[in-house]
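# model the following, please.
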Amino acid sequence: MQDNANLTVLIVDPNGGMRASLQNMLNQAGITRVESAINAGMAVRQLARRSYDIILCEYDLGGPQGDSQDGQQLLEDLRHHRLITASTIFIMLTSEGVYDKVVSAAELTPTDYVLKPFTVDMLGSRIGRALERRAALLPVWQLAAQGKPVEAIRACATAAMASPRYALDFLRLKAELHVSVGEHVQAGAIYREVLAERPLGWAGLGLARTMVAQGQCEAARELLLELVQSNPRLMAAYDLLARCHEKLGAPDAAQATLEEAVSISPHMVRRLRKLGELALENGDAPAAERSFKQVVSKARHSEFRDPEDHVNLVKAMVTRGDVPGAAGVLRDMERSLRSSPELDACKAYSNALLQEKMGNARAAASELEAAAGAARTGAALSPRLRIGLAQACLAHRLDEAASGVMLDAMQDAAGAVTADQAMDVFVRAGRPDLADGMGHQLRAQAQILLGVADEKRNMGDVRGAVQSLLEALHLAPGNLQVMVAVAGGILRQVHELGWDNALADVAAGQIDRLRAADPGHPRLAALLEEFQQAKRKYGIAG
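All right, here's what the predicted structure looks like:
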């Protein structure tokens with residue numbers, strides 16, 4: 001092996017003897033900077049403080065009491081919460097022979113998957129191979145991490161010539177980089193080039209993703225149906241296929257697709273959660289209950305537990321008429337989750353659902369008031385829960401509480417509830433008067449934010465100005481003045497501070513909306529020219 005003196009390794013294993021054995025093997029390979037974690041929670045806390053070059057993770061972390069996540073659930077959390085980067089080498093170690101668990105671990109793409117028992121030479125060889133690949137791809141990863149996707153795309157070609165054994169890796173990375181800057185046509189051409197040589201699943205999936213990004217959902221669905229038939233273990237294809245079914249107005253087909261995926265790989269928490277949500281929307285309470293029971297169970301030892309899973313389980317049980325079961329879930333929520341504004345909101349909302357089912361309308365309304373109050377204290381709640389809470393408040397004529405929940409949801413830092421979604425809640429409830437009142441408030445707040453953006457820009461805070469403009473856009477997305485200000489502000493930031501793909505997409509979208517709403521707008525032609533100049537300046541194709 002190469003000189004490994006500076007490599008850092010985190011061993012995640014509950015067995016002290018195995019940790020000692022792995023450390024001894026690593027020392028023999030010249031790796032001495034080794035730390036350990038005995039379970040997933042400790043690993044998450046260590047990774048939140050610092051990064052490691054290599055993670056060696058035992059699959060079965062729970063021990064006989066099952067008092068921890070397994071390695072697959074840990075890896076799912078680490079990727080979702082971005083506690084590890086593309087260059088982190090994650091090697092799963094296990095003697096587990098159960099097929100569905102192996103599939104679940106493999107679909108999260110650990111760097112390698114090593115079955116016990118293994119020798120020091122075998123482990124050293126696997127680590128050496130992973131390090132060679134990382135060394136070849138690292139310059140491109142670093143450029144991408146520095147916000148230089150165009151340079152990273154160019155570097156792929158040079159690096160592939162220097163390391164031809166990783167040519168496919170560089171093609172895949174190049175396509176993903178094109179996607180990251182919105183160049184879906186270019187990415188699709190690369191995926192088609194790969195597929196012309198070999199029918200690789202990742203290339204077919206990548207091509208389908210570019211189709212979805214370009215609004216070609218029907219074509220993507222056809223491709224994905226073929227893909228899952230020829231690659232039944234390509235689990236991400238099922239997830240994308242379910243999204244296509246949803247977009248094309250076939251929620252039952254989306255649910256069936258995820259049910260098939262779960263039957264093959266039953267341990268992915270986020271897929272189970274999505275399946276439960278779809279089942280609730282489709283009125284399939286038994287299926288929703290099955291899914292959310294698994295989510296609550298599998299996430300029990302996660303550092304990122306979500307009390308909304310309990311709410312959804314309560315909702316499914318109440319819908320099915322299982323009041324005692326729902327009460328038990330509520331008690332478990334109160335007992336096992338850390339105190340937080342989110343928990344307070346979820347407990348009160350769950351209790352409201354329970355009281356409603358038992359016919360206690362006054363008690364239900366009181367709990368909804370409490371839930372709305374907790375939601376307005378900075379609780380990090382999903383758009384789905386906030387909308388459901390507002391709808392429940394409206395059903396009990398709690399107009400002020402419903403309006404407050406929706407206003408706060410729109411002003412949330414995440415900005416996930418749009419103005420259109422908020423208005424739709426009131427219109428569907430037969431309260432267009434509340435929708436009109438909220439519209440007036442939102443437009444007034446948007447005007448204030450435009451003034452704030454002007455002040456920030458005059459003080460030289462270009463990024464701050466754009467942030468205020470984006471907040472105004474979120475509150476008043478159909479306002480022409482806001483569209484023009486957002487597009488112009490973003491292009492000013494891009495010109496002064498460099499290309500930003502996410503912001504460029506927003507600017508392009510606002511220009512398109514402006515053109516559709518007012519083709520003769522006096523600022524439209526200038527904005528189009530500014531956008532093209534920015535793309536030419538930074539070498540962005542298309």
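# helices of the stretch 51-200 of the chain, start to end?
Assigned by DSSP state H, counting those that start in this stretch, the stretch 51-200 of the chain shows helices spanning 71-80, 99-106, 120-145, 149-162, 167-180, 184-197.
# between those helices, which gets nearest to residue 340?
Of all these, the one in closest proximity to residue 340, counting by C-beta to C-beta, is helix 71-80 (18.0 Å). Just so you know, the C-beta spots here come from the backbone N, C-alpha and C atoms, and that holds for glycine as well.
# thinking again about what came up before, dump the helices of the stretch 51-200 of the chain to JSON lines, plus mean neighbour count, mean pLDDT and distance to residue 24.
What follows is those, written out as JSON lines (neighbours: other C-beta atoms under 10 Å; pLDDT from 0 to 100; distance: least, C-beta to C-beta, whole Å):
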{"stretch": "helix 71-80", "mean neighbour count": "23", "mean pLDDT": "87", "distance to residue 24": "21"}
{"stretch": "helix 99-106", "mean neighbour count": "18", "mean pLDDT": "58", "distance to residue 24": "25"}
{"stretch": "helix 120-145", "mean neighbour count": "17", "mean pLDDT": "93", "distance to residue 24": "8"}
{"stretch": "helix 149-162", "mean neighbour count": "18", "mean pLDDT": "92", "distance to residue 24": "35"}
{"stretch": "helix 167-180", "mean neighbour count": "20", "mean pLDDT": "94", "distance to residue 24": "32"}
{"stretch": "helix 184-197", "mean neighbour count": "17", "mean pLDDT": "96", "distance to residue 24": "42"}
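# okay, those helices in a markdown table with distance to residue 208 next?
Putting the helices of the stretch 51-200 of the chain into a markdown table (distance: least, C-beta to C-beta, whole Å) gives the following:
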| stretch | distance to residue 208 |
| --- | --- |
| helix 71-80 | 20 |
| helix 99-106 | 20 |
| helix 120-145 | 22 |
| helix 149-162 | 21 |
| helix 167-180 | 12 |
| helix 184-197 | 9 |
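# distance of the most centrally placed residue in the chain from residue 298?
Centrality entry for the chain: nearest residue to the mean C-alpha point is residue 80, 6.1 Å, by C-alpha atoms, centre = their mean. Look at residue 80 and residue 298: by C-beta to C-beta, to the nearest Å, they are 14 Å apart.
# do residue 216 as well
When C-beta to C-beta is the yardstick, residue 216 and residue 298 sit 35 Å from each other.
# comparing these two, which shows the higher neighbour count?
Neighbours per residue, other C-beta atoms under 10 Å: of residue 216 and residue 298, the larger number sits with residue 298, 21 against 17.
# sorry, back to before: ok, which of the helices of the stretch 51-200 of the chain comes nearest residue 446?
That would be helix 167-180 among the helices of the stretch 51-200 of the chain, by C-beta to C-beta, at 29.8 Å.
# now for that closest one, which elements pack on it?
helix 120-145, helix 149-162, helix 184-197, helix 201-213 (3 or more C-beta pairs under 8 Å, 6 or more residues apart in numbering; DSSP states H and E).
# residue 488 and residue 524 touch, don't they?
No: at 11.2 Å, residue 488 does not count as touching residue 524 under the criterion of C-beta atoms under 8 Å.
# now the helices for the stretch 251-400 of the chain?
251-264, 269-281, 285-298, 307-320, 323-336, 341-357, 361-375, 383-395, 399-411.
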